[in-house]
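Asks: Here is my input, please return the structure:
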Amino acid sequence: MKTAVEWLRDALGYECRDSALLDAALTHRSAGGPHNERLEFLGDAVLNCVVATLLFREFANADEGELSRFRSSLVNGDALALIAAEIGLGDQLRLGSGELKSGGFRRKSILADSLEALFGAIYLDGGFDAAATVIERLFVPRLDRLPSAAELKDPKTRLQETLQARGLPLPGYAVDSVSGEAHNQVFQVSCTVDALGLKTYASGPSRRRAEQAAAQLMLEKLQQPSSGSDTP
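Replies: Modelled structure (predicted):
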């Protein structure tokens, strides 16, 4: 079985000098001892800087809002988790017994956070240019696959623009219920367009994500023949 240093060299082409940094980056807090949360904080900043620079160079005619949407699509949790899975990061993680039993090495949030921690460790180990080289290796191929800036607008923004174009008031959002444990809550949210008598419902692990899901359902409803309000 490969050591972490060997895996990093083969997966990302980086030769780590301080294996303790790499060990910390690959250690979830559930495992005890030095873990990756501080490195995650650092790696997030390095990642955003490098990706922002890439986008600034690649899309010379994009405005600030468009660049922000491009960056968000590249560095959001789902996107980072996908990259982490592609390079086999989950197999290298050190997790506590509880996380191991629950499949933490496949959990998107853990994968995304650990990838950011890895970038932070490389930055400390080899400097900014070394981290930038690794990040560019992972993200440059994804630039060509980016949707248009308009397609990347979140559902709430697109719904707002759609209603404004029709001369209608903005939608209303309400949290109808919150269930589950504090660390695993589910938000039930409704989106209402009073002027059209329409309402949609959606749930999600955060209020924001539930509202976005409800807005997407409303957009889909607005593309259909007129209908009454939904029920949960």
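
Asks: alpha carbons only for contacts and neighbour counts from here, please
Replies: Fine.

Asks: Once you drop chain neighbours, what's closest to residue 95?
Replies: In space, not counting the residues next to it along the chain, residue 95 is nearest to residue 31; the distance is 4.8 Å by C-alpha to C-alpha, 6 or more residues apart in numbering.

Asks: Residue 146 is in contact with residue 70, correct?
Replies: Yes. Counting by C-alpha atoms under 8 Å, residue 70 touches residue 146, with 7.3 Å between them.

Asks: ok, the residue nearest to residue 95 - contacts?
Replies: Contact partners of residue 31, counting by C-alpha atoms under 8 Å, 6 or more residues apart in numbering, are 94, 95, 96, 97.

Asks: if we can go back for a sec, just want to know which of residue 70 and residue 146 has more residues nearby.
Replies: residue 70 (23 against 14; other C-alpha atoms under 10 Å).

Asks: Under a three-state scheme, what state does the residue lying closest to the more buried one once chain neighbours are set aside occupy?
Replies: The shortest distance from residue 70 to any non-neighbouring residue, by C-alpha to C-alpha, 6+ apart, is to residue 149 (6.8 Å). The three-state label for residue 149, taken from DSSP: H, G, I helix; E, B strand; the rest coil, comes out as coil.

Asks: was I right about residue 149 contacting residue 69?
Replies: Yes. Taking contact to mean C-alpha under 8 Å, the distance of 6.7 Å between residue 149 and residue 69 places them in contact.

Asks: Return the subset of the contacts of residue 31 lying in helices.
Replies: Applying DSSP state H to the contacts of residue 31, the entries found in helices are residue 97.

Asks: quick one on the thing from earlier: now do the phi/psi pair for the residue nearest to residue 70.
Replies: phi -60, psi -40 (degrees, to the nearest 10).

Asks: mind checking the longest helix of the chain?
Replies: Determined from DSSP H, the single longest helix within the chain is helix 37-58.

Asks: which residues of this protein fall in helices?
Replies: Remark: helices assigned in the chain by DSSP H are 4-12, 19-25, 37-58, 64-75, 77-86, 97-101, 108-126, 128-143, 155-165, 207-222.

Asks: coming back round to it: what number of residues lie near the residue nearest to residue 70?
Replies: 16.

Asks: and residue 101, how many neighbours?
Replies: 10.

Asks: which outside residues touch the worst-scoring helix or strand of the chain on mean pLDDT?
Replies: Within the chain, no helix or strand scores below helix 97-101, which has a mean of 84 by mean pLDDT, DSSP states H and E. Contacts with helix 97-101, where a contact means C-alpha under 8 Å, 6+ apart, come from 30, 31, 105.

Asks: Make TSV out of those residues and add distance to residue 199 and pLDDT.
Replies: Rendered in TSV, the data for the contacts of helix 97-101 read as follows (distance: C-alpha to C-alpha, whole Å; pLDDT from 0 to 100):
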residue	distance to residue 199	pLDDT
30	41	91
31	45	90
105	38	81
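
Asks: tell me the domain ranges of the chain?
Replies: If the domains of the chain are taken from automatic domain parsing, they occupy 4-143, 155-222, with pieces of a single domain joined by a plus sign.

Asks: How far away from the center of its chain is the shortest one?
Replies: The chain centre lies 20 Å from the centre of domain 155-222; the measure is C-alpha atoms, centre = their mean, to the nearest Å.

Asks: Could you work out the end-to-end span of it for me?
Replies: Between the opening and closing residues of domain 155-222 lies a distance of 13 Å (C-alpha to C-alpha, to the nearest Å).
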